[in-house]
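S.K.: A predicted structure for the sequence below; I have some questions about it.
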Amino acid sequence: MRLFPNQIKALEEVIDLVIVKGGVLDGELKKKVDFNKKWGSKDRRNFYQVAYDMVRNYELLEYIGKKDDKGVIGAYLASLTEHATDYEVYKNDEAIPFQTRFSLPDSAWKIYEREAPNAQANIRAMQQQGAIFLRINTALISLEAFSEKLNTHEIAHTLVTKINYKDRSYNLNCIQLHQRTQQHRSFFEENQSYYEIQDLGSQIITEFMDFSNATTIIESCAGHGGKTSHILDKTRETNPLIISCDKDKKKLETLLVRIAKWKNHKVVTEQAKDKLLEKYENMADIVCMDMPCTGSGTIKRQADIKYRISEKILEERVASQREVFHLFDTTLKSGGQLLYSTCSLFKSENNGQIEYIVSQGYSLEDELMLEPSMYPGDGFYMARLIRD
């Protein structure tokens, strides 16, 4: 792999913006690529790949770079040469601190040690790049038919029809792609109505709740509509009223575009504000609270997020979760079900919040923590509660 001087300079700038200043890697990379319009497709691909790898392994590369007097970029490029020592061997050297070997900032590691279950095992698992999972919209095409389309275009994949986790089993309509590729971009653009890119854990959250008897479902933080589309796919025969809420109006606009593939659905969007929600008091059979969180279970797919995890951010997310709960608490009927979920491994955002919600007049019916060390997906937490 060859990097030109201007690419190395751009990489140094991106790394500083992400590692030091907490920038979002995808956004910073796009700015650099947009600025350097003369880069060819191979140049852009190499630039993205090196940046992702460096952010994923930064603490270890920094250690090796200092040891060999090469710097971070030099250590990375040296690892690609034919006779170089594979820097993966350093991960087995217990003389090096764990957080350095598995590239976690010291400040973030202290939080994982205190807050996350099986912290070392889960950090090891999340050091690997995450797989791409597609949830198939079975209202529009069967899993088998979409698989055949992939076969026709020679796109390597595996069907994921069931996930066993500890003593539980969940049926899925999912496909795992074997590799990330731009080669088949036109195929995926032409067939985008048939699938959603969605992590395994996110799919399991929707399977964790029985929506079959609900006539009204309210989502507190619907975002761009990933779970909304899953709920639509699962409830297409009963077609309940779904009220999808979010503070961000632009996300709700994206949601409506995303779910337009379903005809005659009953989805209403609302901004998550006190006055707008008053009319939905005691109306919902199910409230889905997919909470804003630190994202501490998603390092596989978002390696840069570990540089945005801090004590301050954790405190802010816990406070935001309480606000969301109190904003939507009154929309749930007595005897209705609350689905609480995060993509975090931290107990302050999970069990600690459930203890608080129980103190507010709820009973815990079931809960599940998905750990990256125990299955192929991200870290997720989910709980099902009944309002007394």
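M.R.: Structure received.
S.K.: Run through this protein and note the low-pLDDT ranges.
M.R.: 1, 82-85, 181 (pLDDT under 70).
S.K.: tell me the centre residue of it?
M.R.: Nearest residue to the geometric centre of the chain (C-alpha atoms, centre = their mean): T298, 5.2 Å.
S.K.: thought it was touching I305?
M.R.: Yes - if you go by C-beta atoms under 8 Å, T298 and I305 touch, sitting 6.1 Å apart. From N, CA and C alone the C-beta is placed, and that goes for glycine too.
S.K.: which residues sit against the host helix or strand of C245?
M.R.: Here C245, judged by DSSP states H and E, is contained in strand 241-246. By C-beta atoms under 8 Å, 6 or more residues apart in numbering, the residues outside strand 241-246 that reach it are 215-223, 225, 228, 231-232, 252, 255, 265-272, 277, 280, 284, 328.
S.K.: so of these, which ones are in strands?
M.R.: The members of the contacts of strand 241-246 that map onto strands under DSSP state E are T216, I217, I218, E219, V267, V268, T269, E270, Q271, A284.
S.K.: Now list the buried members of the residues you listed.
M.R.: Among these, the ones that count as buried by 16 or more other C-beta atoms under 10 Å are T216, I217, I218, E219, V267, T269, E270, A284.
S.K.: now those as a markdown table including distance to Y165?
M.R.: Conversion of these to a markdown table gives the following (distance: C-beta to C-beta, whole Å):
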| residue | distance to Y165 |
| --- | --- |
| T216 | 30 |
| I217 | 25 |
| I218 | 27 |
| E219 | 24 |
| V267 | 30 |
| T269 | 33 |
| E270 | 34 |
| A284 | 28 |
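S.K.: Name all residues that make contact with the residue nearest to Q128 when sequence neighbours are not counted.
M.R.: With C-beta to C-beta, 6 or more residues apart in numbering as the criterion, Q128 has its nearest non-adjacent residue at 6.3 Å, and that residue is K300. Each residue near K300 by C-beta under 8 Å, 6+ apart is listed here: A125, M126, Q128, Q129, G130, P372, D378.
S.K.: quick one: K300 and I132, what's the gap?
M.R.: For K300, the distance to I132 equals 11 Å [C-beta to C-beta, to the nearest Å].
S.K.: tally of neighbours for S373?
M.R.: 15 (other C-beta atoms under 10 Å).
S.K.: same deal with N282?
M.R.: Neighbour tally, N282, other C-beta under 10 Å: 11.
S.K.: Quick check: it vs F208, distance?
M.R.: 24 Å.
S.K.: same deal with F380?
M.R.: From F380 to F208 the distance is 10 Å (C-beta to C-beta).
S.K.: Have a look at these two and say which one is more surrounded.
M.R.: F380 (28 against 19).
S.K.: Hmm, Q203 and I231 touching each other?
M.R.: No - when contacts are counted by C-beta under 8 Å, I231 is not listed as touching Q203 (11.6 Å).
S.K.: Apart from its chain neighbours, what residue comes closest to N57?
M.R.: S103 (5.0 Å).
S.K.: So the one you found, which state does it fall into?
M.R.: coil (DSSP: H, G, I helix; E, B strand; the rest coil).
S.K.: Now do the helices in the stretch 151-300 of the chain.
M.R.: 185-190, 200-208, 226-234, 249-258, 274-277 (DSSP state H, counting those that start in this stretch).
S.K.: ugh, typo on my part, it should be the stretch 1-150 of the chain
M.R.: So, for the stretch 1-150 of the chain - with DSSP H, counting those that start in this stretch - the helices run 5-15, 25-35, 41-56, 58-68, 71-78, 98-101, 106-115, 119-126, 143-152.
S.K.: Next, format the ones you listed as JSON lines and append mean neighbour count and distance to I243.
M.R.: As requested, the helices of the stretch 1-150 of the chain are exported to JSON lines (neighbours: other C-beta atoms under 10 Å; distance: least, C-beta to C-beta, whole Å):
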{"stretch": "helix 5-15", "mean neighbour count": "16", "distance to I243": "40"}
{"stretch": "helix 25-35", "mean neighbour count": "16", "distance to I243": "30"}
{"stretch": "helix 41-56", "mean neighbour count": "17", "distance to I243": "38"}
{"stretch": "helix 58-68", "mean neighbour count": "19", "distance to I243": "42"}
{"stretch": "helix 71-78", "mean neighbour count": "19", "distance to I243": "48"}
{"stretch": "helix 98-101", "mean neighbour count": "20", "distance to I243": "43"}
{"stretch": "helix 106-115", "mean neighbour count": "17", "distance to I243": "32"}
{"stretch": "helix 119-126", "mean neighbour count": "20", "distance to I243": "34"}
{"stretch": "helix 143-152", "mean neighbour count": "14", "distance to I243": "29"}
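S.K.: Make CSV from those helices and add distance to L172 to it.
M.R.: Formatted as CSV, the helices of the stretch 1-150 of the chain follow (distance: least, C-beta to C-beta, whole Å):
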stretch, distance to L172
helix 5-15, 36
helix 25-35, 27
helix 41-56, 27
helix 58-68, 34
helix 71-78, 36
helix 98-101, 33
helix 106-115, 28
helix 119-126, 20
helix 143-152, 9
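S.K.: can you tell which of those helices is closest to L338?
M.R.: helix 106-115 (22.7 Å; C-beta to C-beta).
S.K.: Now do that closest one: everything it contacts.
M.R.: 98-99, 104, 119, 122-123, 296, 306-307, 309-311, 314, 345-348.
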